[in-house]
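Enquirer: sequence unknown, structure follows:
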């Protein structure tokens, strides 16, 4: 992998963020297509700065909690917890399911906050902080539906391709199938996915727009087990989702997360 030292260092951090059990140095170097010696120097320096640690027993490299602390510190400084979280909490209580908020920066949509509505039984609770696969998720399709077809397909191309085998049986396999779903989402004002991002899960979502300029600044979605969150149930709950979208839009400027 070509790139500057800064680019390589960021790629190391991104790779480690998806390896909670750590990763051997050789595999990390192969994943990033850089010499093992270069990966070793980067990991050693990140370790010296407190961002990476090496497991004594296995020798694997993994992230420390310092990046997590920085993330929480940043979220606290943006006002997101005070302004946005109560809306997410209310929607989670009303739906009884997992509510997730994603912000849009450039070509990326990243989940940054959540509220869990169910306390017992089946729970759907993925990790925060990762980039949403746009083609297969309700939140990703909501963002794509806010664009015209040409812009949506161009955005997908820039995000890169995901292995369809990693997603559910109802995931759109072709661009034509996806565009049909985007057209339906534009008519409804929200997306509705069953067994798309994963087998046994359902989700519906809608975009949050800038209150004055009208462009998309974020996405909110509700997700849960498909045995409970059926398509009929999602349509029934959609007005509550859209109400939350309007509230998030109106208060978005109080949080630096949505500033440009």
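Expert: Here it is on my side, so go on. Small disclaimer: the values here were computed from a predicted structure and weren't measured. Numbers count the residues shown, from 1 in each chain.

Enquirer: quickly note the distance from residue 175 to residue 167.
Expert: When C-beta to C-beta, to the nearest Å is the yardstick, residue 175 and residue 167 sit 15 Å from each other. Yep, even glycine has a C-beta here, placed from its N, CA and C like the rest.

Enquirer: check residue 32 too.
Expert: From residue 32 over to residue 167 the distance is 25 Å, taken as C-beta to C-beta.

Enquirer: same check, this time on residue 46
Expert: Separation of residue 46 from residue 167 (C-beta to C-beta) stands at 32 Å.

Enquirer: still on that earlier bit, so for residue 175 and residue 167, which residue has more residues nearby?
Expert: When residue 175 is set against residue 167 and neighbours are counted by other C-beta atoms under 10 Å, the residue ahead is residue 167, at 20 against 13.

Enquirer: which one is the more buried one nearest to, not counting chain neighbours?
Expert: Ranked by C-beta to C-beta, 6 or more residues apart in numbering and with sequence neighbours excluded, the top spatial neighbour of residue 167 is residue 136, at 4.5 Å.

Enquirer: longest helix anywhere in this structure?
Expert: The helix of greatest length in the chain, counted in residues with DSSP state H as the criterion, is given as helix 231-251.

Enquirer: A helix includes residue 99, no?
Expert: No: inclusion of residue 99 in a helix is not indicated when DSSP: H, G, I helix; E, B strand; the rest coil is applied; the result is strand.

Enquirer: next, count neighbours for the closest residue to residue 58 other than its chain neighbours.
Expert: Leaving aside its sequence neighbours, residue 58 sits nearest to residue 22 (C-beta to C-beta, 6+ apart; 6.5 Å). If you count neighbours by other C-beta under 10 Å, residue 22 ends up with 18.

Enquirer: I figured residue 22 was touching residue 64, is that so?
Expert: No: here residue 22 does not reach residue 64: they are 11.2 Å apart, not a contact under C-beta atoms under 8 Å.

Enquirer: tell me the bridge partners for residue 208.
Expert: residue 218 (DSSP bridges).

Enquirer: begin at 191, not 1, for the rest of this chat.
Expert: Shifting the count to begin at 191 puts that one at residue 398.

Enquirer: how close does it sit to residue 404?
Expert: Using C-beta to C-beta, residue 398 is found at 11 Å from residue 404.

Enquirer: quick one: the helices in the stretch 291-440 of the chain?
Expert: 328-335, 339-349, 365-378, 421-441 (DSSP state H, counting those that start in this stretch).

Enquirer: residues contacting the longest one, please?
Expert: Spelled out, that is helix 421-441. Contacts made with helix 421-441 from outside it, assessed by C-beta atoms under 8 Å, 6 or more residues apart in numbering, are listed as 273-274, 277-278, 280-281, 284-285, 289, 291, 378-380, 382, 384, 392, 394-401, 407-408, 410, 412.

Enquirer: what is the neighbour count of the nearest residue to residue 414 once chain neighbours are set aside?
Expert: For residue 414, ignoring the flanking residues on the chain, the nearest one in space by C-beta to C-beta, 6+ apart is residue 287 at 3.7 Å. Residue 287: 26 surrounding residues under other C-beta under 10 Å.

Enquirer: so what's residue 287 up against?
Expert: With the criterion set at C-beta under 8 Å, 6+ apart, residue 287 makes contact with 307-308, 314, 412-414, 418-419.

Enquirer: residue 253 contacts residue 241, doesn't it?
Expert: Yes: if you go by C-beta under 8 Å, residue 253 and residue 241 touch, sitting 6.9 Å apart.

Enquirer: quickly list what's touching both of those two.
Expert: Counting by C-beta under 8 Å, 6+ apart, the residues touching both residue 253 and residue 241 are residue 203.

Enquirer: can I see the domain layout of the chain?
Expert: Domain assignment for the chain, taken from automatic domain parsing, gives 195-254, 266-448.

Enquirer: just the endpoints, please. Distance across the first one?
Expert: By that I understand domain 195-254. For domain 195-254, the separation between the terminal residues is 21 Å (C-alpha to C-alpha, to the nearest Å).

Enquirer: stretch 220-229 now?
Expert: Distance between the boundary residues of stretch 220-229 (C-alpha to C-alpha) amounts to 9 Å.
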